Structures are given as structure tokens and as C-alpha cells.
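S.K.: what would the 3D arrangement of this be:
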Amino acid sequence: LIDVRLHPTNPEWFLASGNSNGCTSNNAVGTDKAEKYCYRKLYVTKNSGRTFTPIRNYVVQYEWAPEADGNEDLVYATVHSVQEGNQKFGFWDQFVDFVATTDYFSTVKVVVEYGNRFIFGEHNYVFVAAVNPHHETSVNLMITRDAGMNKKFLKAKLPVEVLEHSYTILDTSEGSVFLHVNHNIQSGGTSTGNVYISDASGTSYSLSLPFNHRDKGGKCDFEKVEGLEGIYLANFVDVDDKDKEAITSEQPETTVGEQKMSRKNHGPAKDKAKIKTVITFDKGGIWSYLNAPKVDARGDPTNCKGGGDSGCHLHLHGITDAFGPFYSLESATGIIMATGSLGNHLHDRLGEINTYLSRDAGLTWKEVAKGSHIYEYGDHGGLIVMAFDEGPTDHILYTWDEGRTWNPLKISDFKFEIENVIIEPSATSLHFVVYGYRSDNDGILISLDFASLHQSECKGIDAAGTPESDYEFWSPSDGRMNGQCLMGHKVKYTRRKQDAQCYNPEEVERMEDIEHCVCTEEDFECDYGFARSVQGGPCERIKTPDGEDPSKPPETCNRFYTVTQGYRRVAGDTCRGGSAKWDPIQVPCPTFPGAKRAGKFVLAVLFLVVVSLGLITAANKFDFVEEIKSRWINDYKKINQDEEYVFDDDEDDMNQTAELVSEFNDPVGEDSKRKGREDDDEDDENEDLDFDEELDGSKNDAGMEVTVSVPTLASPEDK
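M.R.: Now for the predicted structure:
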């Protein structure tokens, strides 16, 4: 078997795949004539693998349907429509479709034609990469949030007219989608792609971060700060102008998938491209460089001052790299660790890479050790362990005060290369495992138990913020004026004080909304057809593939339609009031529905007026004429004043519309009104696609148990 997919609700059910006999090196041929060809075979078992039933040949990808789809037998897959010859692996193929079946391929429904790869995200998202039949090396992204088998997919609407070669779904945790699109743009041998952010529907995208650094396997230097809303770290390549238009013909990756973090990647070092690190506190609306620490780990001044693109900032390694990546956990609120360097861009030379920590979600940073280290959190971030990973070592470092002080601990009588430091998935315990290898390639496994170092439990969680409590309140901030308003509201978290010498006996990441904030530009991202620079600034109009004019009225226009001002509210943002500068404006339709009927009615009335006046004039009844004229004219005025109708011709209507648009955009005298206006709109709906050993126990001189086994883009100052 090559791959297994467990059922979401039935533990004895799973799907499994394997290759046909034709894929083996000796090309064994059975009684089935088709076995001379190489292809992928799909099986199902409902008895934990005691028996398998073959259900489909020439399969590319397969998954049980999410529980929300409401059918436990529903299976989604991408399969070859032509089942003959050798199956092509690792290529986009227009003869592959995304299908659904409820009877294990006795019958099949094609859901997305040409769909080659798919992935399920949070909030009912399903993403399918479909081959462009007219250009087989490019693909289109199809998206739905519908539940059930009858899903309606819509094509992702991107604001650029370049080929799309592959996708990485970076994050869907907050309702909208961060999407990395590989346009095969390269600079200095380094691969990049653009990061787009969707609206709440997941289908309309605007550019958030251009030239995001990636590797050829689809991993991207882009990470959410876990447990906090709207905060992300990313690396981008400072691309030369001549490279911005360079689209190569390199064979694209064959996966559309969610980002999955790797703690340590021993891949090749970076090329000479200028890679820079940025952070956003408003879900990709504005990206800023990182503040450099004022002193290094020895207490010496760093002399690293900002100054825009050419200034000195802190730049960090991501998951595409050979060094420790930026790393956060939901259970360690606000804490981030990373390796990196100071300067104009990221360096990968040994001796220039150091280890950094932030305890305020990336706003400020501290250099905690010279050299590159690998790290892990325990006790909700109250305990951090790190190990030197540039060469052999016999000790680790640990801190109980979130990096203020570090204590060395010898864990071995000989030096060895440490591969990683791990903990159970929730990262709340005090038990760590360190593993690596010696120069003779023997594996090393060491278990660390810190439970005996601090016996006391933290107290006073219900009195957080008081001197007697071991806990404090903390609110994330972007460092700007009114900076504690992130995603339109202020939030406070309960966490252990940095200097409290105790361990957390329970879950303490308590979150409490304080209040909603008045809207600012940080609560809005650029709408489709608009973009801003990485360093921020206004959203400006850009050319889109469809050439769509955002001010053009829709084909079906009912009295009024909305025109974007270049901005849209960030999905999940809850700000209140003061949004008139960025919200869409309402413009009257050139011609209201029913206006033509109203015009015909008025003409009929006028005709009757003329006929009546003619008859009365002929009879020389002048007094009665004046009375009739007065009645008809008054009635006509009442109709003309009715707001349900427009009687002007098209030319006049268009002139009227232009005047209204000008009036809506005229700020003179309106600022005071707009600032006082409350925004009563409903909020928009707020990822990335282990071992056991028997250990011998011993005690070291620190009093803790150690067991060893050897098995065979605006600068910060501009804020």
C-alpha cells in the first residue's frame, strides 16, 4: 500500500491505494492483461484491513467526504477518464476529472471537469486545481463552500493576467483564504509566487504580498501567528524590475495543498536573492518590516536602525530553509521563536545567524542566543527548550521566564548532532524528547522531564493582573497609535507572568473581547482590481484580466448599485463607525426599473390634458378651462415628485448620476457627518494542507530525570 485515508467517523473504514504489477521493476504480468501497464489502484476496507475490495484503477487522489457533507459512503477523487496504458504521475493532465461517488465507483458524478488536485479546508472550503484544456501547463483554481454532493464550484477571480502553474492554500482559519499562486517568477535562481487574500466568499482575490518566497515543492515562507487574529509572518524576495515580468517555462509542481510546517529542513541553503521578512497585524492589508533588537545576546548594541527598504531590520528564516523557522503555538499565546540575521536582507552564512524570541506576537524581538538553534515550547509557553543545531553538542538550554534567562543542561556524555526537540501536540506538558545522531550515524533519543524542577503551581488565575496573582492580562498591538485595536476590536488574554516561578496546572489561554473600535484604514484591504505596495499606502486601481470597470452599473440594476472606493472590509473585522471613506458608495441606476412604464403613463396623462383643453377651448368655457388646467397640472406635479420613478431621458439620467457620484466623493463639509455615522453592516464571516522507544532511567546532577537510548514593509519607525 502506498497511502491510506481514514474515515472521519468510522474507525474501521479506510481507503488505500497501491500500484499495479506493471509498476514493478520486473514488470510481472498476471492473468489480467491490463496488469502489464503501470497505474494506481484504489481499495476500500470496512473491517480494519482484514479484507480489501478494489474499487477503481487509474486514481490520482482520493479522500472521504467531510462529515458535513452528510453521507458516510461519499468519496471524492481525481481519476483518469481514459483507463488504458501507463498512468502519468507528476503531471497536470486534461484527461483527469474531480469526481464524487456514493457507491464506490459503481456510478460516478463528475464534479469539476479537468480537476487534478483537491483539498478540504476549514469553514467548508473545497479547492480544486483544474487544468486549463487550452494550456495544459497552467491551471485554474475552483472553489466552493457548499456542503453535500451537489457542490457548485466557482473559479477564483484573480486580479492578474498571468498563467497559474500551481497553488498553495496558506490559511483558511479565519474565514477568508490566503492563497499562494505560483506564476513561475524567479529572481537570482529563487522561486517566488504572489500571495492573494480573498473576500468572505473565498472567490474574489486581491494582491496581498507579491514575490513571496517558496521552494519547488510548494512550501512557502508564510505563517500565521497561532492563536491570534490577523497576525502573519512572511518572507518576500526583493525582485529586480527585469525579473518581475519573467515567467519561466519550468515544469510546475503537481500539488495543490495546504501549508504544513516543518520544524527543521535540511534542504539546500538560499541563493543570493535578497529575502526580507515582513509582518502584518491586519490580515495582509499592510506589511511592515520587523523591529531589530537594540542589543544582542551578550548585551552589546546592535546598531541596527530602520529606514525603509534599504535600512537595517530583523529578517527570519522560514520553512523553506535549512535553519529553524519562525514558530508559534496556540497554547503559547504571543510567543514566537525564529532564527535569522540583522541587516538589509536575510543571510545564510554561519556566524551571522542567531536565535530570536518575541513575546508580544512579533512587535518587538530579543536575541536570546548566538548561532542557530532548534526550539520547542512546553507548559503553555512557560517553559522553552532549545538546542544548538549548527554542530555536535552535549547540552540544551531552557528558560522558565520566556527568554529572560537561559539555563544550560548537560544531557549526554558525548556530543551529537541534534535533529529536533519535540513535545506532545498540545505543548502543555513538561516532558520533552530530543533526538539526533552521532557521527557514526547511530540514532540518539533522550527524554527530558522538567516536572521536578518547580513543584509549585501557578495561583490566582481569577485575579489576573493583581500583584498577588501569577497571571497577567495582555493585549496584542501593532505598535501604532490606538494599536491595541486589531481586526476591529480590542482583545485581552490571560497568561502567566514572565517572572512567575511556577507551572500552569490548567488551560490558561483565556480570551476576552473588550470592545469594538472605530474603523481605520487598517480594517480594510484592497478590493478586487486594486492594490497597494508592500509598505502600505492607498489602494490604487490596477488592470485586471477581465478589464472590469468597477464603476459600471450591473446589467440588472434596481434603483441603486454600489461602487467600490478601492477597499473592502477584512473578513472577520468587527470595527464600528467611521468607515464611509472606505465603504462602497451607493449610486442611482441610470434608469430605474419601471421608469419606461412611468413615462408612458405620464405621456398618456399629458395627451388627455391636451385633448381636454382643446375641447374646452373650442366651447369657449374659459373659467372651466382654468380649473381643469389647474387640476391636471397639480396631479402631474404629484406624480413627478414620486421617488419611485424617474422621468428624465437617458442622457439626463446619466448626467444626474455623474452629479451624484461627484457629490458622494466630495469631502467638503461631509467629514464631520461621516465620522459620526454608525456602521450597522453585518460582519463578514470570519490551514496548512512520533515515535516510541523503551528508555532506561538515570538521574543527572540537576535533579531532573534524563533518560537516554541509542537505538540501532513600512519601517517600524514609520508606524
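
S.K.: where are the low-confidence patches of the stretch 401-550 of the chain?
M.R.: For the stretch 401-550 of the chain, applying pLDDT under 70 flags the ranges 454-455, 481-483, 506-509, 513, 534-535.

S.K.: actually, the stretch 51-200 of the chain.
M.R.: 161-163, 186-189.

S.K.: residues touching Asn57, list them.
M.R.: Contacts for Asn57 (CB atoms under 8 Å, 6 or more residues apart in numbering) come out as 20, 34, 39-42, 83. (C-beta placed from N, C-alpha, C; glycine too.)

S.K.: let's see that with 6 Å instead.
M.R.: Asn57 is in contact with 39, 41, 83, counting by CB atoms under 6 Å, 6 or more residues apart in numbering.

S.K.: for Asn150, grab phi and psi.
M.R.: phi -90, psi 60 (degrees, to the nearest 10).

S.K.: that should have said Ala463, apologies.
M.R.: The phi/psi pair for Ala463 (degrees, to the nearest 10) reads phi -120, psi 30.

S.K.: wait, it sits on Asp470?
M.R.: No. Contact between Ala463 and Asp470 fails when scored by CB atoms under 6 Å: they sit 9.6 Å apart.

S.K.: so which of the two has more stuff around it?
M.R.: Per other CB atoms under 10 Å, whichever of Ala463 and Asp470 has more neighbours is Asp470, with 22 against 12.

S.K.: from Gly311, how far off is that one?
M.R.: Noted for Asp470: a distance of 40 Å to Gly311, by CB to CB, to the nearest Å.

S.K.: before we move on, the earlier item: now, among the contacts of Asn57, which is nearest to Phe153?
M.R.: For the contacts of Asn57, the minimum distance to Phe153 (CB to CB) is 24.4 Å, reached by Gln83.

S.K.: so what's the closest one up against?
M.R.: 57-58.

S.K.: so which strand or helix has it?
M.R.: When elements are assigned from DSSP states H and E, Gln83 belongs to no helix and no strand.

S.K.: now do the phi/psi pair for it.
M.R.: Torsion angles, degrees, to the nearest 10, at Gln83: phi -100, psi 70.

S.K.: ok, it to Asp3 distance?
M.R.: Applying CB to CB to Gln83 and Asp3 gives a distance of 20 Å.

S.K.: and the strands in the stretch 501-650 of the chain?
M.R.: For the stretch 501-650 of the chain, the strands defined by DSSP state E, counting those that start in this stretch cover 510-516, 524-526, 530-533, 536-541, 560-563, 567-569, 585-588.

S.K.: quick one: which of those strands is nearest Gly193?
M.R.: strand 530-533 (15.6 Å).

S.K.: adjacent strands (with direction) for that closest one?
M.R.: strand 536-541 (antiparallel) (DSSP bridges).

S.K.: how about the strands in the stretch 201-350 of the chain?
M.R.: Using DSSP E, counting those that start in this stretch, strands in the stretch 201-350 of the chain cover 205-213, 222-224, 232-237, 256-258, 275-280, 288-289, 313-316, 336-343.

S.K.: so can I have a markdown table of these showing mean pLDDT and distance to Pro325?
M.R.: Below are those laid out as a markdown table (pLDDT from 0 to 100; distance: least, CB to CB, whole Å):
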| stretch | mean pLDDT | distance to Pro325 |
| --- | --- | --- |
| strand 205-213 | 92 | 12 |
| strand 222-224 | 96 | 7 |
| strand 232-237 | 96 | 9 |
| strand 256-258 | 47 | 16 |
| strand 275-280 | 95 | 11 |
| strand 288-289 | 93 | 18 |
| strand 313-316 | 96 | 8 |
| strand 336-343 | 96 | 7 |
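
S.K.: and Asn124, which of those strands is closest to it?
M.R.: strand 256-258 (14.7 Å).

S.K.: buried stuff in stretch 102-118?
M.R.: Judged by neighbour count (16 or more other CB atoms under 10 Å), stretch 102-118 contains these buried residues: 102, 104-105, 108, 111-112, 114-118.
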